[in-house]
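1. The sequence isn't on hand, but the structure is:
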């Protein structure tokens, strides 16, 4: 299990600390599973899922620098299904896909979209 701090672009830490290419190099490793949590609740559940011993092969958990968003993050643990995403909003006109913590910004943006 590899826990990768500073996933993505990390701003004030500078170019030497960006994790912009971690997905590209991790995808080259056979049987690698890559986790990218939406928030601190998913991060906890990913760590919980990783430690139970049922995953086969290497695992990378990438998370951003800084603080979380959720005030109530200490919820009971849930085991995650590998390879499954989460639908943030139902619709029929467009599809917006996101990966990792940028999903918090996506959630805020799609809230203002018309339903349909």
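-> Noted; the coordinates are in hand. Everything quoted here is computed from the prediction, not taken from an experiment.
2. What is the burial count for residue 90?
-> 7 (other Cβ atoms under 10 Å). C-beta: built from backbone N, CA, C; applies to glycine.
3. Which residue ranges of the protein form helices?
-> 22-26, 40-51, 103-110 (DSSP state H).
4. what about the strands in this structure?
-> 2-4, 33-35, 59-62 (DSSP state E).
5. among the helices of the chain, which is the most enclosed?
-> The highest mean neighbour count among these, using mean count of other Cβ atoms under 10 Å, belongs to helix 40-51: a mean of 18.
6. and it, what's its mean pLDDT?
-> Helix 40-51 carries an average pLDDT of 90.
7. by contact count, what packs against it?
-> Using 3 or more Cβ pairs under 8 Å, 6 or more residues apart in numbering; DSSP states H and E, the elements in contact with helix 40-51 are strand 59-62.
8. partners of the strand it packs on in the sheet?
-> With DSSP bridges as the test, strand 59-62 is paired with strand 2-4 (parallel), strand 33-35 (parallel).
9. Pick the most buried one from these.
-> Using mean count of other Cβ under 10 Å, the stretch among those with the largest mean neighbour count is strand 33-35, at a mean of 20.
10. now that strand: mean pLDDT?
-> Averaged across strand 33-35, pLDDT comes to 90.
11. Need the contact partners of it.
-> Outside strand 33-35, the residues that touch it by Cβ atoms under 8 Å, 6 or more residues apart in numbering are 23, 26-27, 46, 50, 55, 57-62, 82.
12. out of the residues you listed, who's nearest residue 99?
-> residue 23 (8.0 Å; Cβ to Cβ).
13. contacting residues for the closest one?
-> Counting by Cβ under 8 Å, 6+ apart, residue 23 touches 34, 62.
14. Could you do residue 41 as well?
-> 70, 73, 75.
15. And residue 40, by the same measure?
-> By Cβ under 8 Å, 6+ apart, the residues touching residue 40 are 68, 69, 70, 73.
16. Compute the number of surrounding residues for the second one.
-> Other residues within reach of residue 69, judged by other Cβ under 10 Å, total 13.
17. what do you get for the third one?
-> By the criterion of other Cβ under 10 Å, residue 70 has 13 neighbours.
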